[in-house]
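Trainee: Quick check, what structure comes out for this input:
(3 chains)
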Amino acid sequence: MTTNPDNQQQSFFLNMGPQHPSTHGVLRVLLEMDGEYVRDAEPVIGYGHRMQEKLGESRTWKGFMPYTARLDYIGALPCSHGFIGLIERMTGIEAPPRAEYIRVITSELNRIASHLLWLGAFLLDLGAFTPIMYTFDDREQILDILEDVTGSRLTYCYFRVGGVSRDIDEPFVEKTHAFIRRLRSRFKLYEDLVTGNIIFIKRVQDIVQFTPDMAMRYGVTGPILRSTGICYDIRKNEPYSVYPEFDFEIPVGETGDCLEVYRVRMREMEQSLRIIEQALDRLPQGPVLAKTPRQLKLPQGDASFAVETARGELSYYLISDGGETPYRLKIRTPSFSNLSLLSELTRNVLLSDLVMVLGTLDLVIPEIDR
Amino acid sequence: MGTTIPLPPGLLRMVFTAVVVIALVFLNSLILGYVERKLAGRFQLRPGPMEVGPHGILQLMADAVKLLGKQFIIPQAANSPLFRLAPLLAFVPVGAAFIVVPLSQKLQVRDLDVGLIFIVAVMALNMVATLIAGWVSNNKYSLFGAVRSVAQSVAYEIPLLLSLVAVVLMTHTFNMQEIVLSQDHIWHVVQQPVAFLIYFIAGMAETHRAPFDLPEAESELTAGFHTEFSGIRFSFFFLAEYTNMFFVGSIAVVLFLGGWHGPQLPFMDYSAAVWFLLKVYSLLLIMIWVRWTFPRVRFDQLLNFCWKYLTPIALVNLLVTAVVVKL
Amino acid sequence: MNKTDHLINELGRLPAAVNRVDYRQQGYHLEARLQAGQVPAFAELLRQREFYLVFVSAVHVSPAIEIIYQFACFARPCRILARSTVAADGTLPSIANIFDGANWHERETRDMFGVVFTGHPGLELLLLPEEEADLKPLLKEEGALKPADQIRRAPDEEVQDTKPSTTAEPGAKEPKGEHRQ
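Mentor: Residues are numbered from 1 along each chain as shown, chains lettered A, B, ... in the order given. This next block holds a predicted model:
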């Protein structure tokens, strides 16, 4: 490295992505590097842009439903939950209680699947190859369970306005109970092999610091926000569906570093298991799909609906002019806001840390690009 | 090889040795590659290669054929002659190092008096190949890999050599056979456990194996120094890596684990060589196991670990050894 | 809810017209109507009251593009939706120096609607490719463009604080809106 007259180290640009293995999709990060140190990281997004908001304007609300699963394809059901919730809020249709319970059960299963995938991919970013196979093994069980009832494994189109498309049956309940037992025993394994690993701790502890102020400035939500000590979860703060009926905690961290985010996510999985258990125990009988008019126009006006996905707050804001298609549909995704933080967060960290931080953010690029 | 066969004329013997050595290099890589993939599979709840041959034992052959058939792409911005040369530079020295490996008392190509120095020196040449490969690719990720590789090798060579010198102080020789013979009654690992541990860690770092695989670090540097390489030249880097692993294991066995010493096996003419290879591959299994278990360390942590812990401990160990030997 | 009343008073002094709305029907608690010049002061106040920015977006209505801000609070359920209209020259003050997260949201709004946020640190393209910089995909075509009052939930809330010109004829769009509940 040569030195400039003004005593500044000479820097160079490094183009990370959009085909880089650690950007988890088509994200590009333009790095200004000084040796191995990142001086500035500028995310460049839009490679997967599909103009979903425009699609929302050209599709009927029924026709747009499958698209909601393509936002956050890792945890698709909570995304659909939000859109269905919005339509139900605007039309005043209510889903039968059994359907609401099924929505919660499947959404929480999907949330666990998302966290499991994150866990594996995060450790892969840290250079540990093996854990992703274990987390995929667990995730596979969830996908099997969900496949039985929804018919698909990744981008579900299961929720309907006024309920869900198919009822769950006895084998589903049994398999889910078996999965809960299995995952609980696996947590011990993850605890031993990952949380207790000295290299892992040294890699993630105290590298970067998430703060409540930062979260407020950038609109950061989800496990990253909760790792800073703020207890904010849409499921508790603005409860939707039947979440108020369940007894569960919102895991909150203290230190706000990446290790804390890891811990929060791990504890969230346990809480999701608790929710599923309670929902299965108290599952009401009855229909799963309310009668809805075939041609249903949304009333004139606007409404918003926020849900807690695995990554944070996803909110839809729909403006209707009384027609069959929305006049304007705004989709606010958690990863979009969470990623905008990157530039400030990763000043003067090492390249390896930047990769680790990208992993911690748990990005799903189609959700950012929409 | 050696004196077990009637001595042919000098030239013939050289050619014969070269063929055997190259064959051994390939064979070792095939075995290690297969074992590694199988083990990694088992560690990861999957069967590993299963398609080509029974339990996939021919998978590596198939891969080699595939790589042979692939186009060798040279990036426009790369320095073409050096780009072609780098994989060979990685590959050739490791073949040379086979010369001094004592498979048994007789199975050795040349019993050099400076055998230990020779093998360590030749292994260090690998770093030059990595540097060239990374630099001439004209790719920033490759350059990162090359720079990391050099920094890592320079740092870890020190504790590695210091730990070896501790044994040399005890045996008063650099000759591989004599070092083995000196462990007739007791292996040096008993007298030098600290040196053995330091050597093994530094050896893993020398071969760029996870958790010290920073020059490759695929999640950070895509593939590090060999990002731009394709085809058979790409596979040369793998041959070099597996062969280097074999030497790291060999040196450990020769210096610390009693070399080819072991009880006579029934119905075996080459009992000593079998013991030697058994020990080497056991060490390599541990290296593979470690690789598939731990996350990668960060670059500054790697160097800190070397300069702040390994090197001082190795120095103290050497000092203690020197005092004890003098007494 | 005392805090919310307090907040309404504070926002009213800006002055911003703030109404309560029914959360169960609309998914947010407060609705605000701002003049373009009030936006930074409004954002500044919410920043001090520890709100975070949910999103910034826009909707194309006649006569001018409306910018929509949504804020929410970590401490208690209080979601605010604010609307403002871009000035005649298509600009609006940026709040990116108050809420850093607004930076990307405003860039996206510029991509989609061509709204220029004055004072923005770098209003470059965010999602669209460079060759499509002037596409402005979310602008409505001639036939599809609706006046602002036709997208309002008007029937039962006469005091809705919309633009003076639009509050006059709420009955005109009655047949179009589906009867609610």
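
Trainee: if I pick the closest residue to residue B:307 other than its chain neighbours, what's in contact with it?
Mentor: Nearest non-adjacent residue to residue B:307, counting by C-beta to C-beta, 6 or more residues apart in numbering or on different chains: residue B:155, 6.5 Å away. To be clear about C-beta, it is placed using only N, CA and C from the backbone, and glycine gets the same treatment. Residues in contact with residue B:155, defined by C-beta atoms under 8 Å, 6 or more residues apart in numbering or on different chains, are B:205, B:302-303, B:306-307.

Trainee: Switch the residues you listed over to TSV, and while doing so, append neighbour count, pLDDT and distance to residue B:86 to every line.
Mentor: Listed next are the contacts of residue B:155 as TSV, based on neighbours: other C-beta atoms under 10 Å in any protein chain shown; pLDDT from 0 to 100; distance: C-beta to C-beta, whole Å:
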residue	neighbour count	pLDDT	distance to residue B:86
B:205	26	87	21
B:302	20	86	23
B:303	18	88	24
B:306	24	88	26
B:307	13	89	28
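
Trainee: Let me know the closest of those to residue A:230.
Mentor: Using C-beta to C-beta, residue B:302 is the member of these that lies nearest residue A:230, at 35.5 Å.

Trainee: Any stretches of the chain with poor pLDDT?
Mentor: Just going to use chain A. Applying pLDDT under 70 to chain A flags residues A:1-9.

Trainee: think we crossed wires, I meant chain C
Mentor: Looking along chain C with the criterion set at pLDDT under 70, you get C:1, C:154-181.

Trainee: Could you give the number of residues near residue B:47?
Mentor: Other residues near residue B:47 come to 11 when the count uses other C-beta atoms under 10 Å in any protein chain shown.

Trainee: Quick check: phi and psi on it?
Mentor: Main-chain torsions, residue B:47, degrees, to the nearest 10: phi -80, psi -10.

Trainee: quick one: it from residue A:171, how far?
Mentor: To residue A:171, residue B:47 is 28 Å away according to C-beta to C-beta, to the nearest Å.

Trainee: helix, strand or coil for the closest residue to residue B:124 other than its chain neighbours?
Mentor: Closest residue in space to residue B:124, ignoring its immediate chain neighbours: residue B:157 at 6.4 Å, by C-beta to C-beta, 6+ apart. At residue B:157 the chain is in helix, as set by DSSP: H, G, I helix; E, B strand; the rest coil.

Trainee: Touching, residue B:157 and residue B:126? I think so.
Mentor: No. Residue B:157 is beyond contact range of residue B:126, at 11.2 Å (criterion: C-beta atoms under 8 Å).

Trainee: For the residue in the stretch 51-200 of chain A that chain C sits nearest to, grab the count of nearby residues.
Mentor: Closest residue of the stretch 51-200 of chain A to chain C, C-beta to the nearest C-beta: residue A:92 (3.9 Å). Using other C-beta under 10 Å, residue A:92 has 12 neighbouring residues.

Trainee: And for residue A:28, the neighbour number?
Mentor: Residues lying near residue A:28 (other C-beta under 10 Å) number 18.

Trainee: Beta-bridge partners for it, please?
Mentor: Residue A:28 forms beta bridges with residue A:44, as assigned by DSSP bridges.

Trainee: repeat for the one 5 residues further on
Mentor: Taking DSSP bridges, one finds residue A:12, residue A:38 as the beta-bridge partners of residue A:33.

Trainee: Check residue C:73 too.
Mentor: residue C:51.

Trainee: That one is in contact with residue C:47, isn't it?
Mentor: No. Taking contacts as C-beta under 8 Å, residue C:73 lies outside contact range of residue C:47: 11.3 Å.

Trainee: So those two - more neighbours on which side?
Mentor: When residue C:73 and residue C:47 are compared for neighbours, residue C:73 comes out ahead with 21 against 17, by other C-beta under 10 Å.

Trainee: contacting residues around that one?
Mentor: C:49-52, C:79.

Trainee: now residue A:248, what's its secondary structure?
Mentor: Residue A:248 ends up coil, using three-state DSSP.

Trainee: got the residue ranges for the strands in the chain?
Mentor: No chain in the question, so chain A it is. Ranges of strands within chain A are A:12-16, A:28-34, A:37-44, A:159-160, A:163-164, A:301-308, A:313-320, A:328-332, A:349-350, based on DSSP state E.

Trainee: You answered for a different chain; I wanted chain C.
Mentor: C:17-20, C:30-34, C:51-59, C:66-73, C:80-85, C:91-93, C:116-118.
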